[in-house]
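1. Sequence below, structure please.
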Amino acid sequence: MSETRLATNYLDAQNLMLAASNGVSYAYRATGASDATPLVLLQHFRGNLDNWDPALIDALAPGHRVITFDNRGVAASSGTTPNTIAQMGLDAIDFIDALEVGEVDLLGFSIGSFVAQEIALVRPSTVRKVVLASSAPEGASGMHGWAPEVIAAVGKPETPPEDYLSVFFTRTEASRAAGQEVLGRIFGARTVDRDAPTDWQTRLAQYDAVCTWGQPNHSLLERVSAIDKPVFVAQGDSDPMILPRYSYLLAGLIPGARLKIYPDSAHGFLFQHHAEFAADVDSFLAGP
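-> Numbering: from 1, shown residues only. Okay, the predicted model is just below:
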């Protein structure tokens, strides 16, 4: 990846394309410090390049080469979105290989955190450290699909702002105010050269993958104990989409994992608390 392609802030980052050995052309953006270990971000359910909060990316960028991308079949990337987390992990590995940057750090958010677990298990030589935001281990009881009100909010052809707020932020005045600011940054700050929207095929395939990942199977819980990289698990204390108890479970299953629960926040805690979360990620990635 050419260092000249790195933008100084996320709103100015170009939409770039990268051809991988699997035949997929991946859409991605790159910002930050060109000489730092790449920090590859894996996006949430139905999200594209524009669904990352620019304030979070910009807070991470001074100390990292931050790379966001659309996985296979998502938004502007070519191909068809697979319906398993395992295949999403393999597709993400192909993207990372195509970057030709060597070892990377991973930050996976929601379904992206499931994919990050797969990458760390399947290709540990590619991974230095892992951040799992709003996450859960495969096979955990009670994870088979999301609550009806959650999938009703985020599973429709279009997710209106009020439904986004209901899942990503709490009902308190402070969280809702932060949510309105996040909505403005994500949906209003970048007005040109936006990413393509995700389509209905991606929605169906990703939710199939989530439901498969959440089928109760206690024997699968042991898989994450094989992750031998430093891991930071983070979540909001009132997340209705992936309940906080799964972060406690995940951190307990991964040897040496760190855990932090952020107050008065839901699925979008990392956007609501973007400055604090970025500082915590900086500290984790810089540590031993």
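2. The stretch 151-288 of the chain: strands as residue ranges?
-> Ranges of strands within the stretch 151-288 of the chain are 231-236, 258-262, based on DSSP state E, counting those that start in this stretch.
3. which one of these is the most hemmed in?
-> Mean neighbour count, computed with mean count of other CB atoms under 10 Å, is highest for strand 231-236 among those, reaching a mean of 26. Quick note: C-beta positions are derived from backbone N, CA and C, even for glycine.
4. CA atoms only for that one, dumped as PDB, please.
-> Listed in PDB are the C-alpha atoms of strand 231-236, where the atom choice follows Å, rounded to 0.1, in the frame of the first residue of the first chain:
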ATOM      1  CA  VAL A 231      -6.800  -9.100  23.300                       C
ATOM      2  CA  PHE A 232      -8.800  -6.100  24.600                       C
ATOM      3  CA  VAL A 233     -12.600  -6.700  25.000                       C
ATOM      4  CA  ALA A 234     -14.700  -3.600  25.200                       C
ATOM      5  CA  GLN A 235     -18.500  -2.900  25.400                       C
ATOM      6  CA  GLY A 236     -21.200  -0.500  26.500                       C
END
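5. strand partners of that strand, parallel vs antiparallel please.
-> According to DSSP bridges, strand 231-236 has the following sheet partners: strand 127-133 (parallel), strand 258-262 (parallel).
6. Mind listing residues that contact it?
-> Surrounding strand 231-236, the residues in contact under the criterion CB atoms under 8 Å, 6 or more residues apart in numbering are 120, 129-135, 170, 242, 244, 247, 250-251, 254, 256-262, 265-270, 272, 277, 280-281, 284.
7. got it, and stretch 148-156?
-> 45, 46, 145, 159, 163, 164, 166, 167, 203, 207, 240, 241.
8. what would the strands paired with strand 231-236 look like in CSV with mean pLDDT and distance to residue 102?
-> Supplementary listing: these in CSV, determined by pLDDT from 0 to 100; distance: least, CB to CB, whole Å:
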stretch, mean pLDDT, distance to residue 102
strand 127-133, 98, 9
strand 258-262, 98, 24
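9. okay, the ones you listed in JSON lines with distance to residue 180 next?
-> Below are the strands paired with strand 231-236 laid out as JSON lines (distance: least, CB to CB, whole Å):
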{"stretch": "strand 127-133", "distance to residue 180": "21"}
{"stretch": "strand 258-262", "distance to residue 180": "18"}
